[in-house]
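> Below: sequence and its predicted model.
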Amino acid sequence: MPRFARIWLVVSLLAAAVTGSMVVSYAQASIEGTQKTLPQFTFLVWESKAEIDRRAKAGGDPDYWGAYKVYSEQLQAEGMMLGGSAVEPPLSGRMVRTVAGRVQAAAPKLQDGEMRLGGYFIVQAKDLETAVAWAGKCPAALTGAVEVRPNVVMPAP
């Protein structure tokens, strides 16, 4: 690995440790002294109420969490996973809007049968087709849906 790549890696890890951030605006990989950026994608994990309930029951469903553990480990082994998290059920959060200068927060309104955001993964992949193929391996793709969105590359300050 070229010296500048090692320095970049150390600086990035230190920055992540100081800020608590595990996600950067774009992924960099060193290939024989050149910088290559890989596109980033967010996998939005949509689940049914039944799946959200499975993970929330006392102690959590070991089959549910075991499937996500295996999937996360596969993404990490491929060098694709940059971050992600499960999120609490919708009614534990708030929908926030600013109307006429006033902040309004309310519990989300849900319809029966409606899919719920269960979590997200942030990954890097060579292209959208590769990201879609990996999203298809996510446990939620069997029981709900996984939405794949390319991340916007923010311009450098």
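Cool, the structure landed. Numbering: from 1, shown residues only.

> shaky segments in this protein?
For the chain, the stretches with pLDDT under 70 are 1-36.

> Centre-most residue in the protein?
Taking Cα atoms, centre = their mean, the centroid of the chain lies closest to F121, which sits 1.9 Å from it.

> Quick check: which element contains that one?
Applying DSSP states H and E as the criterion places F121 in strand 116-124.

> CA atoms of the helix or strand just after that strand as PDB?
Remark: after strand 116-124, the chain's next helix or strand is helix 128-135, criterion DSSP H and E. C-alpha atoms of helix 128-135 as PDB (Å, rounded to 0.1, in the frame of the first residue of the first chain):
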ATOM      1  CA  LEU A 128     -26.100   0.000  -9.200                       C
ATOM      2  CA  GLU A 129     -26.500  -3.500 -10.500                       C
ATOM      3  CA  THR A 130     -24.000  -4.900  -7.900                       C
ATOM      4  CA  ALA A 131     -25.800  -3.000  -5.200                       C
ATOM      5  CA  VAL A 132     -29.100  -4.400  -6.300                       C
ATOM      6  CA  ALA A 133     -27.700  -7.900  -6.400                       C
ATOM      7  CA  TRP A 134     -26.500  -7.500  -2.800                       C
ATOM      8  CA  ALA A 135     -29.800  -5.900  -1.600                       C
END
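
> Helix 128-135 vs strand 116-124, what angle?
130 degrees (axes from the mean of the first three to the mean of the last three Cα atoms, to 10 degrees).

> Mind listing what's buried along helix 128-135?
Within helix 128-135, the residues that qualify as buried are 130-131, 134-135, counting by 16 or more other Cβ atoms under 10 Å. For glycine as for every other residue, the C-beta is placed from the backbone atoms N, C-alpha and C.
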